[in-house]
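Asker: No sequence on hand, only this structure:
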């Protein structure tokens, strides 16, 4: 239905076709999380890869930073409607984490875990094949805590709640287990181009 | 982060629906309140929001999320509080164009985390910056009807006296309700009204609010801009409030 009197501010050329439906462009980098920012020191930081309940491999901060470093510059899209273009990240690709652990992805489903107790489920195929990383740097600087530092998951082609802040592990699961927001009505995959915000979208 | 048992049941699907504008109130120089009657509404939980979608004649659409400020009261109507953002796209439309009788597309209610029901219990500590008051006001109004015995304290920070939303109602509730304390503070001017403080939120204000409660809060709800919530959550953690009992909602952009 057309809204009486609404014209809107059209995005300029070159912006509109990069904005998924219902999104607007911001130059800021808003912070969104369900609770306070956890204080995670590098000395106690760990990242653990699990297959079900079985730990496959675990890294401390130093060991994790010795893994191959990659860069990704991508547009990101938050389900709260903002999008930000050309965000520049560096860190370790999920592909390289699996290679270091000496495994191929053992199941179709992955649950990401974070220091604040947050979880989010991501189809494994959205994490491998050069699509996702565990990011430790944003625009060349160590990732600040408000944006998920020391390290966050980065799955830029899905809504940004999938890019778990303060990530401390990836767990392969036998079925698609709903994470924190997914249990609260948000979509199991979250593709912004298909506007998969909520269950049933 | 909350543990699993407090998850509200979720609808199978959120469907867009028209909502008639039944009342418009200018609450402050920059805030208007829109009372909407959705066509098919089955209630909500205090703290939830709705998505609003505006459609231009050529099909172009803009979407935003707005918190519900009214209490879940069975009226079948909801109040959205819209803060005017000068360079914005949606808020100037609401402020300058929308009239009583218009239909606006919405879907919701949305949100299964930043919510409070009487059975969740208290005491409650609510901390609001600016229009972050809106979902917390829904909780306060609902509490006053459904569970007035549950102790609650509200810290509410705004820039100026003119920016305080529902100021009269808050002062009245604080005066009349023995189980509710208000800690309103202005960051950019000194109020001439009794009981309104001057200065930004700080640890002392959080301590004062905690001291007004008979027991530590079961849940602390924080809502406002990113910098406000970051600062307030630091003070709350420093004051000894457990991490897992704090729920935050941040207005980005």
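Answerer: It's in. Bear in mind the structure is a predicted one, so any value in this text is a computation, not a measurement.
Asker: Only C-alpha atoms from now on, for both contacts and neighbour counts.
Answerer: OK.
Asker: Report the residue spans of the chain with pLDDT below the cut-off.
Answerer: Just going to use chain A. Regions of chain A meeting the criterion pLDDT under 70 are absent.
Asker: nope, chain B
Answerer: When the per-residue scores of chain B are filtered using pLDDT under 70, the ranges that remain are B:1-11, B:252-253.
Asker: chain center to stretch B:104-116: distance?
Answerer: Using C-alpha atoms, centre = their mean, to the nearest Å, we find the averaged C-alpha position of stretch B:104-116 to lie 12 Å away from the chain's own average C-alpha position.
Asker: hmm, the longest strand along chain A touching chain B?
Answerer: With DSSP state E applied, the strand covering the greatest number of residues in chain A is identified as strand A:82-93. Yes - if you take C-alpha under 8 Å from any C-alpha of the partner chain as the test, strand A:82-93 does meet chain B, through residue A:82.
Asker: in its sheet, what does that strand sit against?
Answerer: Sheet neighbours of strand A:82-93, with direction, are listed as strand A:24-25 (parallel), strand A:70-77 (antiparallel), strand A:133-138 (antiparallel) (DSSP bridges).
Asker: can you list these in a markdown table and add distance to residue B:119 and mean neighbour count?
Answerer: Formatted as a markdown table, those follow (distance: least, C-alpha to C-alpha, whole Å; neighbours: other C-alpha atoms under 10 Å in any protein chain shown):
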| stretch | distance to residue B:119 | mean neighbour count |
| --- | --- | --- |
| strand A:24-25 | 38 | 21 |
| strand A:70-77 | 35 | 18 |
| strand A:133-138 | 39 | 25 |
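Asker: could I get those as CSV with distance to residue A:37?
Answerer: Formatted as CSV, the strands paired with strand A:82-93 follow (distance: least, C-alpha to C-alpha, whole Å):
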stretch, distance to residue A:37
strand A:24-25, 25
strand A:70-77, 21
strand A:133-138, 16
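Asker: Among those strands, which comes closest to residue B:201?
Answerer: If you check each of those against residue B:201 by C-alpha to C-alpha, strand A:133-138 wins as the nearest, at 29.8 Å.
Asker: Which is the succeeding secondary structure element to that closest one?
Answerer: strand A:141-142 (DSSP states H and E).
Asker: helices or strands next to the longest strand seen in chain B in the packing?
Answerer: Of all the segments of type strand in chain B, defined by DSSP E, the longest one is strand B:17-28. In this structure, strand B:17-28 makes packing contacts with strand B:31-38, strand B:103-110, judged by 3 or more C-alpha pairs under 8 Å, 6 or more residues apart in numbering or on different chains; DSSP states H and E.
Asker: Can you tell me which of those strands is nearest to chain A?
Answerer: Chain A lies closest to strand B:103-110 among the helices and strands packed on strand B:17-28, at 6.5 Å (C-alpha to the nearest C-alpha).
Asker: Pairing partners for that closest one, with directions?
Answerer: strand B:17-28 (antiparallel), strand B:49-55 (antiparallel).
Asker: Show me what it is in contact with.
Answerer: Counting by C-alpha atoms under 8 Å, 6 or more residues apart in numbering or on different chains, the neighbours of strand B:103-110 from elsewhere in the structure are A:1, A:3-4, A:185, B:14-21, B:38, B:43-45, B:48-54.
Asker: how big is the angle separating that strand from strand B:31-38?
Answerer: Between strand B:103-110 and strand B:31-38, the angle comes out at 90 degrees (axes from the mean of the first three to the mean of the last three C-alpha atoms, to 10 degrees).
Asker: how distant is strand B:103-110 from the center of its chain?
Answerer: Centroid separation for strand B:103-110 versus its chain: 17 Å, with C-alpha atoms, centre = their mean.
Asker: burial of the closest residue to residue B:30 other than its chain neighbours, as a residue count?
Answerer: Leaving aside its sequence neighbours, residue B:30 sits nearest to residue B:84 (C-alpha to C-alpha, 6 or more residues apart in numbering or on different chains; 5.3 Å). Using other C-alpha atoms under 10 Å in any protein chain shown, residue B:84 has 19 other residues around it.
Asker: Run through the residues that contact residue B:84.
Answerer: If a contact means C-alpha under 8 Å, 6+ apart, then residue B:84 has B:30-31, B:91-92, B:95 as its contacts.
Asker: any idea which element residue A:182 lies in?
Answerer: Under the assignment here (DSSP H and E), residue A:182 is part of helix A:180-183.
Asker: And the contacts of that helix?
Answerer: Contact with helix A:180-183 is made by A:118-121, A:161, A:188, A:199, B:7, as judged by C-alpha under 8 Å, 6+ apart.
Asker: contacting residues around the residue nearest in space to the middle of chain A?
Answerer: With distances taken as C-alpha atoms, centre = their mean, chain A has residue A:163 as the residue nearest its mean C-alpha position (1.3 Å). By C-alpha under 8 Å, 6+ apart, the contact set of residue A:163 is A:152-156.
Asker: In strands, which of those residues fall?
Answerer: Among the contacts of residue A:163, DSSP E puts A:152-154 in strands.
Asker: nearest to residue B:219, of those residues?
Answerer: Within the ones in strands among the contacts of residue A:163, the smallest distance to residue B:219 is 26.7 Å, found for residue A:152 (C-alpha to C-alpha).
Asker: distance of the closest one from residue A:2?
Answerer: Spatial separation of residue A:152 from residue A:2 under the definition C-alpha to C-alpha, to the nearest Å is 40 Å.
Asker: who's more crowded, those two?
Answerer: Counted by other C-alpha under 10 Å, residue A:152 and residue A:2 do not tie: residue A:152 has more neighbours, with 25 against 18.
Asker: The closest residue to the more buried one other than its chain neighbours sits in which helix or strand?
Answerer: Excluding the flanking residues, the one nearest residue A:152 by C-alpha to C-alpha, 6+ apart is residue A:165, at 4.4 Å. Under the criterion of DSSP H and E, residue A:165 resides outside all helices and strands.
Asker: wait, what's in contact with residue A:165?
Answerer: Applying C-alpha under 8 Å, 6+ apart to residue A:165 gives the contacts A:114, A:147-149, A:151-153.
Asker: Could you export the helices and strands packed on strand B:17-28 as TSV, including mean neighbour count?
Answerer: Formatted as TSV, the entries for the helices and strands packed on strand B:17-28 read as follows, by neighbours: other C-alpha atoms under 10 Å in any protein chain shown:
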stretch	mean neighbour count
strand B:31-38	22
strand B:103-110	22
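Asker: Let me have the ones you listed in JSON lines, adding distance to residue A:98 as columns.
Answerer: Written out in JSON lines, the entries for the helices and strands packed on strand B:17-28 read as follows (distance: least, C-alpha to C-alpha, whole Å):
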{"stretch": "strand B:31-38", "distance to residue A:98": "49"}
{"stretch": "strand B:103-110", "distance to residue A:98": "36"}
